[in-house]
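Student: with the input below, show me the fold.
(chains A, B and C)
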Amino acid sequence: MNWLEWVTGAAGFLLTVMVLSYLIGDNVFFRLAASIFIGVTAGYLAVLLIRHILWPFLIQPLIYEPWQTKLWLGIPLLLIFLLLISQFPRMIKLGRIPLAYLAGLSGGIAIIGAVFGTLLPQSMAVINVFDAWAWTESSSPLWREMLEGAVMLVGVIGILSYFYFGRKRNLQKEKQAEQRPAIFEAFSQVGQVFIGITLGSVFASLFSSALLALIDRIAFIGKFIMNLFRGF
Amino acid sequence: MKKNLSVAMAVIIGVIVLAGYFFRDQLGPVLTLIIDWGILLVSVLGLLGIGYLIKSHITKLIKKEKGAFNSVVVLLAFISVLVAGLILSTENDIFQKLILTVQIPVEASLLGVLAVTLMITSLRLLRTRGWTLMSVGFLVSAVISMLVDVAFFQTEPGSPADEILKFWSNLPLIGARGILLGMALGGLLVGLRVLLTIDRPYGED
Amino acid sequence: MAVLICPECGAENTPGDEYCWSCRRALTDVEPVNDAVQDEPLGGHLDELLNSEEDLPGLLHALRQDGNIDGEQGDAEDVQSGEFHDSLGQASSGQSGREEEIPEWLRRIRQRAKQEKDSIGEVTQKISAAQESLADEKRSSQHESYADWIERLHQDFSQEQVAKDSAEGAPTGKAGQLPQTEDPEWLAKILKVHGKSVEKQDLDSLSTERLGGNSLLQWLVDLESGKEKLEPLSEEEPPAAKQSGDAVGEGDQNERTVDGDTTQEIRIKKGTSVKPVLSISRKEQLEADLISATIVDETAPRAMRKFEKPGSPWVIRAAVTVILITALSLSLFSGASTSNLSGSLKPQHRALITWLEQLPAESRLLLVVDYHAGFEAEMALIAQPVLSKAVQASSEFVILSSTESGVLLVDRLLQDIDGFETLVVSNAGYFPASNFAAFGLGAGIDPSWRFVHAPDAVNGLPQGDFEGILVLSDSYDGAKTWIEQLYAQFSEVTINLITTAQAGPLLLPYYESHQLGGLVSGLSEARQMTAYLNVENSTSHLWEAYRTGVLMMIIVIVLGLFFMSDHEGQETDRSKGEKA
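Tutor: Just a heads-up that it's a prediction; the model follows:
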């Protein structure tokens, strides 16, 4: 191992131990490691934003490109200027314009992604479960395909009932304003079961990822100690 | 006037994005410009956020509040990485190693702490929530998922046990689909509310 | 019998009580008062009342002085007071006791009138309100004539009387007129004593100058205008009084000045007191009951909740940590053999492998990096087999990162892959907003026109066609954003997803809906892929430790079930005990 590997190995070892010491309780070493991490990450992010985005796409064109090209950068420059001066208390309202720009952009993109990226394909997938042609072509028995289809439909409706999105409530017919109609209540009970099953699976998967990270850290510590002893 | 201008800006940009999706050939370059400017704005916002972080630590240091030592560490780390990154560039080997040497151990160790925390939390899994439909389904699904993941069950393909296992493996898919649809509906509603100016996350008078 | 009158609410308490039963005020500083209230018929005292010349004027003086109404001291009219009408809500004995204080019942009435204005009779209520308004008007220089006040009072009273009688079916007169019924008994007696006849008067003819007739109202008006005078009160000095609530001497009225106002004390004869009867409506009673119940409830002693000291968390945390790390270390460094893989490939893995095998030569792939440094180890285990296969088929990788460390991590990832050196890698860099970058990827494809002099450098997103897209993600949110936007923009391009275990379950529907060509997530799936693709991989040394950790977690969950059951029973018993 060369000196760089020694230094990075030692730093990694120390930082790993300092963070894992949080398992015993909050202590000064953990906070020190967290502070180092925050400082390094903030610095690196600043470097990335300046070097990878602002310098090549804003500052360099302003310096090296012809005036016609510079004119195109007037609009983003104006928006950036409004954003910067809105940091002063008196000018805070000027920051609404660039923020509105971002809000409109995000809103439009979100709508497209939600509709064409999830809603339509997933809804079609639920409908296609009842495709009789697909049943005949599938290797699974027919009763299983039908059962899976029925369970899929009931489950999806149950989950949506649990969240009751866009449900129009007739307050006159409900005993209390908070009570849902009986059919929604029944479906939401089913939805709860499916949500519980899904979240249980997610919980298991999350633990799996976290466990793998812990195993990797233990392996790293062991490898470093072994290299240390070999070095001596 | 400022309020109308910001509202008009949000609506116009949103409409152009939506229209650009359907008329890509006609509005493609416009969309490209709008998105590039948006990325520039987001970058500046990110820098402003970092600035606020540094400012708060400097304030803590000047006022000698509790935790000022940690603020010193943060500021030192920030300045050294910023200077090194601007001088050496992000493609430099040493700079990359420096960054990854800090990020990988800390983030991975935090995940390791999460693993132990999840294990401790699972002791009180049902005590906190009680025996409800959701909690029982959660528990059973977690245990079965873990057993299947480590290949604890060995089943013959085509056997009834295998069929049952496959059926059970599909159940999280149903829940995930419902959750995806619900989230997509939510995202659609939020986007529509912004474009119809019902919600104005950029501030109001 | 002596009683303790609560100065706060006027309730009677037994001597010796430390706190008032009604409002819980301390009574240590209250002197017992002889309860002069006796249940005697009013009629027995009527002669005394009729013969008394000063009781009614004194009473009225006392009432008027409460409202600070100007009244001239004059000779008291020889009026008699007897029983007040029931509609007034109180019966007054017009006692002419020799006590040194105003009648208890009157004092209580005044107190209650101030505090609970809806608990006494309507007319008295109106009198009090009228008194206050008159006092205000006097202070504010807008002085309303006394006569107008009397007139209004009379009108209100008569209107209510008419309404009441009509409800009861009694004959009523016109609005504003006294009903054509008998005069109030007390009024009739007063007038009879003084030899004045009762004349029914039309209130419309009442004028401020002369009301006409010999009604009490007229007398009051005359008093106000000075035409009538009250008899001077006795000038006997009362015995030294501590407070205004002190017991007054017997049979005499004394005048003393308190705070600049002349106060007339009405002496009540011993044994002539009549217990006041308050007429309270049912609604008022319910409200009063509710208030007193609330007060009682607030002052009731409450059971103290025992603070449950939580179990020592650091002990449990330390124990679990030590046991887990020890078990993992032993599994990791013991060199235990890996169990054989079993089970068939899942459909999503098979699809990914098929796509990799069918990739055309010299293909151009887009590699989207959306994972963080913490998942570097897991992603390396999962992505290496897939990327190894992809590198063999493709000639160019275009790398786009939506995480700050993605650019560094992907370099590290690709460096460990055989054949990486021959690959052309175009690094598009870091884009902070993944949804913008994803949307922008499709926006600029094959534009048929461009803006003149628009800066090329502004558009940093990679352009051109791709044979396939590989998304490496560690979270559900990031992967979902990329899949949604990429599928909306590039529905004809195959999108494959390599993700960590935590994001896998929620992203599977995208494969089932054919939005993804293939999907692999988690260590166990990566092992199956590695074995199938015959790629050298370092998952084996981690697998045993991973299995150990997962089995430990299952044991902990099952232990928690038994632990929770006992504890739940204890909590249920405790809560039942509290309720009892």
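Student: ok, residue 161 - contacts?
Tutor: This is for chain A. A:Ser161 makes contact with A:Phe184, A:Phe187, A:Ser188, A:Val190, A:Gly191 under the criterion Cβ atoms under 8 Å, 6 or more residues apart in numbering or on different chains. No exception for glycine: its C-beta is placed from N, CA and C like everyone else's.
Student: you answered for a different chain; I wanted chain B.
Tutor: B:Phe153, B:Thr155.
Student: check which helix or strand it maps to.
Tutor: helix B:160-195 (DSSP states H and E).
Student: just C:Leu366 next, same as before
Tutor: strand C:363-370.
Student: check C:Asn496 too.
Tutor: Counting by DSSP H and E, C:Asn496 is found in strand C:494-499.
Student: and if you look at A:Leu105?
Tutor: helix A:96-112.
Student: next one: C:Glu484
Tutor: Here C:Glu484 is assigned to helix C:476-489, by DSSP H and E.
Student: tell me the pLDDT of C:Thr272.
Tutor: The model reports C:Thr272 with a pLDDT of 60.
Student: same check, this time on A:Gln172
Tutor: pLDDT at A:Gln172 comes out at 58.
Student: kindly report the same for B:Asp149.
Tutor: 88.
Student: count of residues packed around it?
Tutor: 21 (other Cβ atoms under 10 Å in any protein chain shown).
Student: isn't it right up against A:Ala204?
Tutor: Yes: using Cβ atoms under 8 Å, B:Asp149 is in contact with A:Ala204, at 6.7 Å.
Student: which strands and helices sit next to the next helix or strand after the helix holding A:Leu105?
Tutor: The element immediately downstream of helix A:96-112 (helix or strand, assigned by DSSP H and E) is helix A:120-128. Using 3 or more Cβ pairs under 8 Å, 6 or more residues apart in numbering or on different chains; DSSP states H and E, the elements in contact with helix A:120-128 are helix A:142-163, helix B:160-195, helix C:504-512.
Student: got the buried residues for helix A:120-128?
Tutor: By neighbour count on 16 or more other Cβ atoms under 10 Å in any protein chain shown, the buried set for helix A:120-128 is A:Pro121, A:Gln122, A:Ala125, A:Val126.
Student: between these, which sits nearest chain C?
Tutor: A:Ala125 (3.7 Å; Cβ to the nearest Cβ).
Student: my guess is that closest one contacts C:Tyr510, does it?
Tutor: No: in this structure, A:Ala125 is not within contact of C:Tyr510 by Cβ under 8 Å, at 9.2 Å.
Student: picking that back up, need the contact partners of the helix holding C:Glu484.
Tutor: Contacts for helix C:476-489 (Cβ under 8 Å, 6+ apart): A:109, A:112-114, A:116-118, A:121, B:21, B:180, B:183, C:368, C:370-371, C:402-403, C:434-435, C:438-439, C:441-443, C:445, C:469, C:471, C:473, C:493, C:495, C:497, C:499, C:502-503, C:506-507, C:510, C:515-516.
Student: what does stretch A:224-232 give?
Tutor: A:Met1, A:Trp6, A:Gly9, A:Ala10, A:Gly12, A:Phe13.
Student: looking at the chain, which helix or strand does the model trust least?
Tutor: In the absence of a named chain, this looks at chain A. Here the helix or strand of chain A ranked lowest by mean pLDDT, DSSP states H and E is helix A:132-137, holding a mean of 75.
Student: my bad, chain C
Tutor: Ranked by mean pLDDT, DSSP H and E, the weakest helix or strand in chain C is helix C:46-51, scoring a mean of 47.
Student: returning to what we had before: list the buried ones in the helix holding C:Glu484?
Tutor: Neighbour counts using 16+ other Cβ under 10 Å place C:476, C:478-489 of helix C:476-489 among the buried residues.
Student: same question for stretch C:541-555.
Tutor: So stretch C:541-555, judged by 16+ other Cβ under 10 Å, has buried residues C:Leu542, C:Trp543, C:Glu544, C:Ala545, C:Tyr546, C:Arg547, C:Thr548, C:Gly549, C:Val550, C:Met552, C:Met553, C:Ile554.
Student: show me the shaky parts of chain A.
Tutor: For chain A, the stretches flagged by pLDDT under 70 are A:1, A:165-180, A:232.
Student: now do the helices in it.
Tutor: Here chain A has its helices, by DSSP state H, at A:3-20, A:28-48, A:60-64, A:67-72, A:74-85, A:96-112, A:120-128, A:132-137, A:142-163, A:182-231.
Student: could the ones you listed be laid out in CSV, adding distance to C:Gly560?
Tutor: Formatted as CSV, the helices of chain A follow (distance: least, Cβ to Cβ, whole Å):
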stretch, distance to C:Gly560
helix A:3-20, 23
helix A:28-48, 27
helix A:60-64, 59
helix A:67-72, 62
helix A:74-85, 50
helix A:96-112, 40
helix A:120-128, 35
helix A:132-137, 42
helix A:142-163, 26
helix A:182-231, 13
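Student: now do the same contact list for B:Gly137.
Tutor: B:Gly137 neighbours (Cβ under 8 Å, 6+ apart): A:Gln192, A:Val193, A:Phe194, A:Ile195, A:Gly196, A:Ile197, A:Gly200.
Student: which pLDDT value belongs to it?
Tutor: 88.
Student: also C:Glu18?
Tutor: For C:Glu18, the pLDDT comes out at 86.
Student: quick one, what contacts it?
Tutor: So C:Glu18 contacts C:Ala26, C:Leu27, C:Thr28 (Cβ under 8 Å, 6+ apart).
Student: out of these, which is most surrounded?
Tutor: Within these, most neighbours by other Cβ under 10 Å means C:Leu27, with 22 neighbours.
Student: so the residue of chain B found nearest chain C, which of the three states?
Tutor: The minimum distance from chain B to chain C, using Cβ to the nearest Cβ, falls at B:Glu107 (3.0 Å). Under DSSP: H, G, I helix; E, B strand; the rest coil, the three-state class of B:Glu107 is helix.
Student: contacts only, for the nearest residue in space to it that is not next to it in sequence.
Tutor: Of all residues not flanking B:Glu107 in the chain, C:Gly374 sits nearest, at 3.0 Å (Cβ to Cβ, 6 or more residues apart in numbering or on different chains). C:Gly374 sits next to A:Ala213, B:Gln103, B:Ile104, B:Glu107, B:Ala108, B:Leu110, B:Leu111, C:Asp474 when contact means Cβ under 8 Å, 6+ apart.
Student: residue of chain A closest to chain C, please.
Tutor: A:Gly117 (2.7 Å).
Student: and for that residue, the neighbour number?
Tutor: A:Gly117 has 27 nearby residues by other Cβ under 10 Å.
Student: quick check: which ranges of the stretch 251-400 of chain C have low pLDDT?
Tutor: For the stretch 251-400 of chain C, the ranges with pLDDT under 70 are C:251-276, C:278, C:297-299, C:301-313, C:335-343.
Student: residues near the closest residue to C:Ser448 other than its chain neighbours, how many?
Tutor: Excluding the flanking residues, the one nearest C:Ser448 by Cβ to Cβ, 6+ apart is B:Asp25, at 5.4 Å. Each residue near B:Asp25 was counted by other Cβ under 10 Å, and the total is 11.
Student: so B:Asp25, which of the three states?
Tutor: Going by three-state DSSP: B:Asp25 is helix.
Student: looks like it contacts B:Ala19 (just checking).
Tutor: No: B:Asp25 is beyond contact range of B:Ala19, at 11.9 Å (criterion: Cβ under 8 Å).
Student: run through chain B and note the low-pLDDT ranges.
Tutor: B:1-3, B:126, B:128-129, B:204-205.
Student: go with 90
Tutor: Within chain B, the ranges that satisfy pLDDT under 90 run B:1-6, B:21-33, B:36, B:64-67, B:89-91, B:93, B:120-137, B:139, B:148-171, B:195-205.
Student: which one in it is furthest away from the centre?
Tutor: Here chain B reaches farthest from its C-alpha mean at B:Ser159, the gap being 41.2 Å by Cα atoms, centre = their mean.
Student: out of the contacts of A:Ser161, who has the most neighbours?
Tutor: Neighbour-wise, the contacts of A:Ser161 (other Cβ under 10 Å) top out at A:Gly191, 28 neighbours.
Student: ok, that one to B:Glu163 distance?
Tutor: Distance, A:Gly191 to B:Glu163, by Cβ to Cβ, to the nearest Å: 25 Å.
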